[in-house]
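Enquirer: Mind looking at a prediction? Sequence and model below.
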Amino acid sequence: MEFLDIRLFDDDFYKMLFRFGLNLLVTTIIIRYLYYKKTKKRDYVFTYYMISIIVFFLCFTLKKYELDIGMALGLFAIFGIIRYRTDPIDIKEMTFLFIVIGVSVINSLANKNMSYIEIISTNIAIIAAIALLESSKVLGNQFSKKIIYEKIENIKPENYHLLKEDLEDRIGLKINRICVNDVDFLKDTAKITIYYDRNSSTKQEAVGNRSR
């Protein structure tokens with residue numbers, strides 16, 4: 001049956017539901033349990049979910065038409081608009097955004113030349129790669145923060161211990177090393193990066209010293 005030259009029902013509806021369910025499951029594992037669990041940042045969770053859903057249905061819909069190269073160029077244009085004139089975000093957030101988009105495209109555009117075992121295996125491989133690289137056993141347990149520091153006299157090499165003590169006292173983290181990235185002598189500020197372990201803190205160290 002048709003209404004206004006459009007069919008009311010198509011067998012691809014079941015295919016769409018299954019693939020959407022699979023895509024939602026995979027993106028939930030990536031966003032909720034691999035990204036959010038590590039970063040605790042809620043800002044991008046909504047964005048990742050909505051971009052994944054929109055990209056999935058966009059690709060699944062466009063797949064009904066044989067656009068080939070034209071469709072690919074159109075998708076690149078859409079992804080460019082997403083990034084156009086937005087606030088700069090960290091490379092890790094951009095990487096997860098690319099992963100979410102890539103997974104959605106894979107799950108929506110897979111055709112008869114690709115079996116469901118291959119689709120599921122691809123999703124599992126992506127999840128496993130993220131989980132492995134996010135684990136501290138592979139890349140270590142060290143994190144970094146960028147800070148604008150105003151006590152510019154402390155960035156001198158001979159005052160390194162003063163800089164470290166001041167930052168640890170303010171931030172409450174046990175710092176492993178400090179890197180001075182840029183110095184603004186007009187504003188008397190410096191852009192520095194501190195490196196620290198995930199669970200390290202000066203408070204924990206102080207408690208440990210007292211117990212000894």
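Expert: Yep, that arrived.
Enquirer: going forward, measure contacts and count neighbours with C-alpha atoms only.
Expert: Noted.
Enquirer: from memory Ile155 sits against Asn181, does it?
Expert: No: using Cα atoms under 8 Å as the test, Ile155 is too far from Asn181 to be in contact (10.6 Å).
Enquirer: and the two? which has more neighbours close in?
Expert: Using other Cα atoms under 10 Å as the criterion, Ile155 and Asn181 rank with Ile155 on top: 22 against 12.
Enquirer: who touches that one in this structure?
Expert: Leu163, Val180 (Cα atoms under 8 Å, 6 or more residues apart in numbering).
Enquirer: ok, now how distant is it from Leu186?
Expert: The gap separating Ile155 from Leu186 is 15 Å, by Cα to Cα, to the nearest Å.
Enquirer: And Ser104, by the same measure?
Expert: Look at Ser104 and Leu186: by Cα to Cα, they are 48 Å apart.
Enquirer: Which one's more surrounded, these two?
Expert: Between Ser104 and Leu186, counted using other Cα under 10 Å, the more crowded position is Ser104 (29 against 6).
Enquirer: Please give the element, helix or strand, for the more buried one.
Expert: If you go by DSSP states H and E, Ser104 is part of helix 91-109.
Enquirer: which secondary structure element contains the closest residue to Ser144 other than its chain neighbours?
Expert: In space, and not counting its chain neighbours, Ser144 is closest to Tyr195: 4.4 Å by Cα to Cα, 6 or more residues apart in numbering. If you go by DSSP H and E, Tyr195 is part of strand 189-197.
Enquirer: in that strand, what's buried?
Expert: For strand 189-197, burial by neighbour count (16 or more other Cα atoms under 10 Å) applies to Thr189, Ala190, Lys191, Ile192, Thr193, Ile194, Tyr195, Tyr196.
Enquirer: got a list of contacts for it?
Expert: Residues contacting strand 189-197 (Cα under 8 Å, 6+ apart): 141-152, 173-184.
Enquirer: how about the strands in the protein?
Expert: Ranges of strands in the chain, per DSSP state E, are 2-3, 6-7, 142-149, 175-184, 189-197.
Enquirer: Give me the nearest residue to Ile147, chain neighbours excluded.
Expert: Nearest in space to Ile147, with sequence neighbours left out and distances taken as Cα to Cα, 6+ apart, is Ile192 at 5.3 Å.
Enquirer: Low-confidence stretches in the protein?
Expert: Counting by pLDDT under 70, the ranges of the chain that qualify are 1-9, 64-88, 136-142, 198-212.
Enquirer: quick one, domains of it?
Expert: Per the record, the chain has its domains at 2-139, 142-211, by automatic domain parsing.
Enquirer: Off-centre distance for the last one?
Expert: Between the centre of domain 142-211 and the centre of its host chain there is 26 Å, according to Cα atoms, centre = their mean, to the nearest Å.
Enquirer: Also the first one?
Expert: If you compare the mean C-alpha spot of domain 2-139 with that of the full chain, they lie 13 Å apart, counting by Cα atoms, centre = their mean.
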